[in-house]
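Asker: mind looking at a prediction? Sequence and model below.
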Amino acid sequence: MTVALVGMGGLGCPAAFALARASVPLRLLDEDRVERSNLHRQMLFEEEDVGRLKVAAAERVLRRWTHVEGIAFHVAPENAIELLRGCELVVEGSDNLPTKFLVADACRILGVPVVHGACVGWRGTVLPVLWGREIGRAHV
């Protein structure tokens with residue numbers, strides 16, 4: 001089972017760490033570079049990573065435990081389906097609404113479950129979506 005993580009920030013880093021320690025193969029999707037301001041909340045990065053691509057810096061740490069494929073691309077309408085194809089689960093932790101909606105649409109088309117995550121300050125939300133399956137009383 002390969003899990004795609006969209007966004008390697010404050011949500012993607014701990015999710016990737018936990019999944020890697022469980023030996024789950026990962027596909028990391030993020031085009032950003034590590035900034036000094038990331039270091040206190042993005043646990044996979046160190047001072048020496050400042051300026052490096054986040055996916056490359058994360059790969060260096062995570063490959064100790066599992067297979068990791070880092071892709072430094074922006075998830076966009078023209079590539080979202082191809083970037084997520086072949087994954088059995090997507091963990092979406094991007095920091096903007098257009099990407100969240102795009103990932104949801106691509107996962108729906110592919111029939112791949114997605115777990116959306118978001119946080120602001122000390123508040124966080126998680127929304128798992130299993131397409132075509134009942135979740136409690138709701139049917140998605």
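Answerer: Done, it's in. Residues are numbered from 1 along each chain as shown.
Asker: flag every buried residue along stretch 108-127.
Answerer: 110, 112-118 (16 or more other CB atoms under 10 Å). Using the backbone N, CA and C atoms, a C-beta is placed for each residue, glycine as well.
Asker: okay, and for the chain, where does confidence drop off?
Answerer: The model of the chain has pLDDT under 70 over residues 133-140.
Asker: which residues in it form strands?
Answerer: Counting by DSSP state E, the chain has these strands, from start to end: 3-6, 26-29, 68-71, 89-92, 114-120, 123-129, 134-135, 138-139.
Asker: what sits up against the third one?
Answerer: The set of residues that contact strand 68-71 without belonging to it, under CB atoms under 8 Å, 6 or more residues apart in numbering, is 20, 25-29, 53, 55-56, 58-59, 62, 83.
Asker: just the C-alphas of it, formatted as PDB.
Answerer: In PDB, the C-alpha atoms belonging to strand 68-71 read as follows (Å, rounded to 0.1, in the frame of the first residue of the first chain):
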ATOM      1  CA  VAL A  68      10.000   7.000  -0.300                       C
ATOM      2  CA  GLU A  69       9.300   8.800  -3.600                       C
ATOM      3  CA  GLY A  70       9.600  12.600  -3.300                       C
ATOM      4  CA  ILE A  71       8.000  14.600  -6.100                       C
END
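Asker: indicate which one of the strands of the chain is closest to residue 41.
Answerer: Ranking these by proximity to residue 41 (CB to CB) places strand 114-120 first, at 10.0 Å.
Asker: ok, that closest one: who's next to it in the sheet?
Answerer: strand 89-92 (parallel), strand 123-129 (antiparallel) (DSSP bridges).
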